[in-house]
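Colleague: I would like the atomic coordinates for the input below:
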Amino acid sequence: MAVKQKSGDELTDAIDRLRDHRARYQSPTGLRFSKVSDFMRKTMSVLFPQFSIDDHADVNLDDQVVDLVQILSGLIQKAMSDLSEAETDALARDFVTQLPAIAESCHLDAEALIEGDPAAESLEEVIVSYPGFYAIVVYRVANALLKQEIPMLPRVLTELAHQRTGIDIHPGATIGKSFFIDHGTGVVIGGTAVIGNNVKIYQGVTLGALRVDRAAKSTKRHPTIEDNVVIYASATILGGNTIVGQNSVIGGNVWLTKSVPAWSRVMFKACDTEEVIPMQPKNS
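Modeller: Next up is the predicted model:
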């Protein structure tokens, strides 16, 4: 196929149009997945000895924490360029003081997974290999940073987990203790969702909004899930006024847009498609 050569004028015009396009955007922060991923990897190393073996061989915890503060301070400086180095360092140190509480919450999440999944052999297996656990850890880190009013970084963190696991948890969601996500692919949890303690969620579950409306940005758009609720695969629960009462079970494929009281069992009513019709072999 013959390739038509572009003239110098055409290339110049294309460059000018691209320059106009790029001018639409303010100066980029410089926050990139590679840098945010490095921060999360170092955070995992501080929280869990299973990761520090590889990432910080022969490095004591004091030095790991100093390293983490420096990395986070640099990321905050990119996200909040109007702050001084002393201010970004103070925010980074404040985050690190929250790590013991985050570590305890994550340990309860890991225990919930090993207690709720018969296939789990050990806490170490859950910590190093379960996508649901990784997504929850990233959420808890991102949520702490969001509460410090650090822009963009929390969202980039949860998107990092989303790309790695297929689990999309907005950092603004409120999630209680001993949270369980098994398998996890396709789970979506909106930013105003409220989840209580000891909640179990399986793959494909959506806790979403009834409609997408920018005007409703500051309102509660996502459901509330009370304590000890189990939500099975591919269930969809929508709406800021929707409350799933404690100790309820929501079955697979359920579509729920209204509240249910405590101790409810909501099941999808299967269609009448259970007849088995044998197939004839092609070469019979």
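Colleague: contacts, neighbours, all on C-alpha from now
Modeller: Will do.
Colleague: these two touch, right, residue 193 and residue 222?
Modeller: Yes: at 4.6 Å, residue 193 and residue 222 qualify as touching, with contact defined as C-alpha atoms under 8 Å.
Colleague: any common contacting residues for those two?
Modeller: Jointly contacting residue 193 and residue 222 under the rule C-alpha atoms under 8 Å, 6 or more residues apart in numbering are 207-208, 240.
Colleague: is it possible to export these to CSV including secondary structure?
Modeller: Listed next are those as CSV, based on DSSP: H, G, I helix; E, B strand; the rest coil:
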residue, secondary structure
207, strand
208, strand
240, coil
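Colleague: Who wins on neighbours among those?
Modeller: residue 207 (28 neighbours; other C-alpha atoms under 10 Å).
Colleague: Kindly export stretch 210-221 (C-alpha atoms) in CSV.
Modeller: Extracted in CSV, the C-alpha atoms of stretch 210-221 (Å, rounded to 0.1, in the frame of the first residue of the first chain):
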residue,chain,number,x,y,z
LEU,A,210,-29.4,4.8,41.4
ARG,A,211,-28.4,7.4,39.0
VAL,A,212,-25.3,9.4,37.9
ASP,A,213,-25.9,13.1,38.6
ARG,A,214,-23.1,15.7,39.2
ALA,A,215,-25.6,17.8,41.1
ALA,A,216,-25.9,15.0,43.7
LYS,A,217,-22.2,14.8,44.3
SER,A,218,-22.4,16.0,47.9
THR,A,219,-25.3,13.7,48.8
LYS,A,220,-25.3,10.1,50.0
ARG,A,221,-25.7,8.1,46.8
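Colleague: quick one: contacts for the most centrally placed residue in the chain?
Modeller: By C-alpha atoms, centre = their mean, the chain has its centre lying nearest to residue 169, at 3.3 Å. Residue 169 makes contacts with 135, 139, 158, 162, 187-191, as judged by C-alpha under 8 Å, 6+ apart.
Colleague: One more pass at 10 Å, please.
Modeller: Going by C-alpha atoms under 10 Å, 6 or more residues apart in numbering, residue 169 touches 135-136, 138-140, 142, 155, 158-159, 161-162, 187-191, 193, 207.
Colleague: likewise residue 8?
Modeller: By C-alpha under 10 Å, 6+ apart, the neighbours of residue 8 are residue 14.
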